[in-house]
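Enquirer: what's the 3D shape of this:
(2 chains)
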There are 2 protein chains.
Amino acid sequence: MKGSVGELGEFGLIRELTSRITSTPAVRLGPGDDAAVVAAPDRRVVATTDILLEGRHFRRDWSTAYDVGRKAAAQNLADIAAMGAEPTAVLLGLVVPAELPVTWPTELMDGIRDECDVAGAGVAGGDVVRGDTITVSITALGDLRNREPVTRSGARPGDLVAVTGWLGWSAAGHAVLARGFRSPRAFVEAHRRPEPPYREGPAGAALGATAMTDVSDGLIADLGHVARASKVRIDIFSAALDIPAQMKDIGQAVGVDPLHWVLTGGEDHALIATFPPDTKLPARWRVIGEVLHPSALPRVTVDDAAWDKAAGWDHFAP
Amino acid sequence: MKGSVGELGEFGLIRELTSRITSTPAVRLGPGDDAAVVAAPDRRVVATTDILLEGRHFRRDWSTAYDVGRKAAAQNLADIAAMGAEPTAVLLGLVVPAELPVTWPTELMDGIRDECDVAGAGVAGGDVVRGDTITVSITALGDLRNREPVTRSGARPGDLVAVTGWLGWSAAGHAVLARGFRSPRAFVEAHRRPEPPYREGPAGAALGATAMTDVSDGLIADLGHVARASKVRIDIFSAALDIPAQMKDIGQAVGVDPLHWVLTGGEDHALIATFPPDTKLPARWRVIGEVLHPSALPRVTVDDAAWDKAAGWDHFAP
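Expert: A predicted model of the protein is given here:
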């Protein structure tokens, strides 16, 4: 593919992008009309949207367009899974500068499509406009399959806190990239392309999860959302957290306690859920804490003490 | 409301925005969790997304934040109506510079909410990030009420072509504003805040519309989408088009044939539909043309001749 987005024009670019989409059963009517039609067998649709900017959420020198597409889709699809729903479709809003090579948006589209494939969703439609800053806006839809949505507000004192997926890998990969390295590859890849455990979302709901969310801002920050919404305290057992040897090596190399990445690193889109204490959890879920009555301690503690380093991030912080 | 978006911070801004949302029956779970839950009684959901940039799609010196919100919501909700569906909910993705006064996004939200009210929809969720260019990304959802979606591809030779809503008003208002004037008010208002005939979308579907779309790019351009998708030709009867006396006056004042605005002006979000020839159309629909077999003539003609001025626009054109 040669040329720039400006040379190809709006309709040419839309043709290129839609030609990369594969049809899926849930997408009854795909791109090309005023709106798409997506199956919603549950009679309710789960919907979420995120907006990513170049420079703020991704860097073209760190991530390929393909990886940005995978990641942008993943973070929205993970939100659907975190409600206990099965992803069905995504819509894409895209801002591209006229001088951008056409390969960038087409590879982005390939990444979005492939991540949708992993999650069982299809690309239903979108919009493309010209602008100065590459902006990727994704809306994901999902189906609850006759289960109630698992919100953040249902955790009860006594519940187990369990996690499935990866914690701290993206943050460790970011630390590697920020220092100009490209390895260890597994962590760099985890930063470029998270692997949310999509199927565990509906599975967690079926296991009786009382609350669930995905780790996008960091374990402490996201458990904080659950604890506040549920009016409980949550204690994390640090000894239960899995810190791979290689992550420890990176921590030593860059002078960071790897526990910090596991507790505060976002973007891996692990799923965290609370379950009644007698729940028999399959091996893919690891118990890492418990739900307690609120106390004078912070909403989320680590081994019954405040974790006093910065948790999560505020997108408006300087 | 005082201060800038940066001073208020991400979570403060989200609180301000969500506090302005009113609850609606279709939005079962609104903002504040990983995703929203919206009713989809038809077991299918209609979905569309658009992305608007400051400088390209709106200007802060021409339109208030409230009007930008109304317009951004309207163009998406009109796409839902154009499928014959009833709007149920919107999601908002918003990019705001840190120095932007907080009143701008809160008044935008008020406009989105009020336009949703007009269309019968609710605000289900969103995302806010900091960036250099104000960007408003809206996704709208709708319900088909057990009717098949009315696409662009069902027009058949012999069908009537009818319109409901306004044509050329936004373009005439734009011409007024571009010359530094603020009146006639009705046209300036039409440019700032279109009034799509939402209810006529499902009503048109119930009347048996064979194809339908909304006029976002201009009558000729949008009928062109229908003609190409349906593999037909469409002829517009220029004498059937309503050109108000005041629009003629503006045309004379600025040296533009007002028929040009009616034929090529977008953004009014009128609905155009094709109907079987024996359809008894209520007064809100005006017959403006007919569907013909394809010929050597262009896909869309005016009084059986090519309309040789530029039709619609390409977002990537210089």
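
Enquirer: in the stretch 1-150 of chain A, which spans are strands?
Expert: Under the criterion DSSP state E, counting those that start in this stretch, the stretch 1-150 of chain A carries strands at the ranges A:27-29, A:36-39, A:44-53, A:86-96, A:122-130, A:135-143.

Enquirer: can those strands go into CSV with extra columns for mean pLDDT and distance to chain B?
Expert: To be clear about C-beta, it is placed using only N, CA and C from the backbone, and glycine gets the same treatment. Output for the strands of the stretch 1-150 of chain A, formatted as CSV (pLDDT from 0 to 100; distance: least, Cβ to the nearest Cβ, whole Å):
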stretch, mean pLDDT, distance to chain B
strand A:27-29, 97, 6
strand A:36-39, 98, 5
strand A:44-53, 97, 4
strand A:86-96, 98, 4
strand A:122-130, 96, 5
strand A:135-143, 98, 4
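
Enquirer: Can you say which of the ones you listed is packed in most?
Expert: Using mean count of other Cβ atoms under 10 Å in any protein chain shown, the stretch among those with the largest mean neighbour count is strand A:135-143, at a mean of 30.

Enquirer: so how far is chain B from the residue positioned nearest the centre of chain A?
Expert: Residue closest to the average C-alpha location in chain A (Cα atoms, centre = their mean): A:Q75, at 2.7 Å. Using Cβ to the nearest Cβ, to the nearest Å, we find A:Q75 at a distance of 10 Å from chain B.

Enquirer: can I see the domain layout of chain A?
Expert: For chain A, automatic domain parsing gives the domain ranges A:5-143, A:160-302.

Enquirer: Go through these and pick out the most buried.
Expert: Of all the domains of chain A, domain A:5-143 carries the top mean neighbour count, a mean of 23, counting by mean count of other Cβ under 10 Å.

Enquirer: and the end-to-end length of it?
Expert: From its first residue to its last, domain A:5-143 covers 35 Å (Cα to Cα, to the nearest Å).

Enquirer: State the mean pLDDT of stretch A:211-231.
Expert: The predicted model gives stretch A:211-231 an average pLDDT of 97.

Enquirer: My error: substitute stretch A:161-173 in the last question.
Expert: In this model, stretch A:161-173 carries a mean pLDDT of 96.

Enquirer: Is chain B within reach of it?
Expert: No: using Cβ under 8 Å from any Cβ of the partner chain, stretch A:161-173 never reaches chain B; the gap is at least 14.1 Å.

Enquirer: and that stretch, how far apart are its ends?
Expert: First-to-last distance for stretch A:161-173 - Cα to Cα - comes to 26 Å.

Enquirer: And for the residue of the stretch 151-300 of chain A found nearest chain B, the neighbour number?
Expert: Among residues of the stretch 151-300 of chain A, the one nearest chain B by Cβ to the nearest Cβ turns out to be A:T151. It sits 5.0 Å away. Neighbour count of A:T151, defined by other Cβ atoms under 10 Å in any protein chain shown: 23.

Enquirer: Now it: closest residue in space, sequence neighbours ignored.
Expert: Counting by Cβ to Cβ, 6 or more residues apart in numbering or on different chains, the nearest residue to A:T151 once its immediate chain neighbours are dropped is B:D33, at 5.0 Å.

Enquirer: Let me see the ranges of the helices in chain A.
Expert: Counting by DSSP state H, chain A has helices at residues A:5-8, A:10-18, A:65-82, A:103-119, A:169-178, A:185-192, A:200-206, A:219-230, A:245-254, A:258-264.

Enquirer: which stretch among these comes nearest A:D42?
Expert: Nearest of these to A:D42, taken as Cβ to Cβ: helix A:200-206 at 11.4 Å.

Enquirer: Check which helices and strands the closest one is in contact with.
Expert: With contacts taken as 3 or more Cβ pairs under 8 Å, 6 or more residues apart in numbering or on different chains; DSSP states H and E, helix A:200-206 sits against helix A:65-82, strand A:211-214, strand A:271-275.

Enquirer: now what about the last one, what contacts it?
Expert: Taking Cβ atoms under 8 Å, 6 or more residues apart in numbering or on different chains as the criterion, the residues outside strand A:271-275 that touch it are A:78, A:81-82, A:150, A:154-156, A:159-165, A:196-197, A:200-201, A:204, A:207-215, A:219, A:222-223, A:226, A:230, A:234, A:281, A:285, A:288, A:291.

Enquirer: Stretch A:58-67: end-to-end distance?
Expert: One end of stretch A:58-67 to the other measures 10 Å (Cα to Cα).

Enquirer: repeat for stretch A:137-150
Expert: With Cα to Cα as the measure, stretch A:137-150 spans 25 Å from end to end.
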